[in-house]
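Q: Below is the structure, and that's it, no one-letter string:
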């Protein structure tokens, strides 16, 4: 069971509460929320609610595996931070393998972690010298 939104988590809590009541076990709504939080891997309801509230663009969520391009270089990695900035999102990704951000022979700058700001489409507004987005992030297939 993995809630993708606060509304889904609350619906899970209502369903749990109703199912338990049908079996003669009455619990409060807050107790149901706490159980749903633990079922979704959170310490408590406040932690789950904060995690779901900070869920990012489209299908992106904290700890999702993603792929994309950073300064023209392909990457795969895991989202380690995600927060909303108006209509955009600040994202931090730990890379599976370092990415070399310099394209010139003899020079190298390896990155193991990248940060950027992306729109709801997963693309940064910032561009490279050839006009491509500096950062493009796509969800991996689940």
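A: Happy to help now that I have it. These figures come from a predicted structure and were not determined experimentally. Numbering: from 1, shown residues only.

Q: Helices of this structure, start to end?
A: 6-22, 29-39, 45-53 (DSSP state H).

Q: Using JSON lines, lay out those helices together with mean neighbour count and mean pLDDT.
A: (Glycine included, C-beta is placed from N, CA and C.) Shown next, in JSON lines, are the helices of the chain (neighbours: other CB atoms under 10 Å; pLDDT from 0 to 100):
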{"stretch": "helix 6-22", "mean neighbour count": "15", "mean pLDDT": "89"}
{"stretch": "helix 29-39", "mean neighbour count": "17", "mean pLDDT": "92"}
{"stretch": "helix 45-53", "mean neighbour count": "16", "mean pLDDT": "83"}
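
Q: how about JSON lines for these, with distance to residue 130 added?
A: Output for the helices of the chain, formatted as JSON lines (distance: least, CB to CB, whole Å):
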{"stretch": "helix 6-22", "distance to residue 130": "41"}
{"stretch": "helix 29-39", "distance to residue 130": "46"}
{"stretch": "helix 45-53", "distance to residue 130": "37"}
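
Q: Out of those, flag the one nearest residue 106.
A: With CB to CB as the criterion, residue 106 lies closest to helix 45-53 of these, at 44.0 Å.

Q: Walk me through the domains of this structure.
A: 6-53, 65-139 (automatic domain parsing).

Q: what's the first-to-last distance across the first one?
A: Translated: domain 6-53. 7 Å (CA to CA, to the nearest Å).

Q: cool, and the longest one?
A: Distance between the two ends of domain 65-139: 7 Å, counting by CA to CA.
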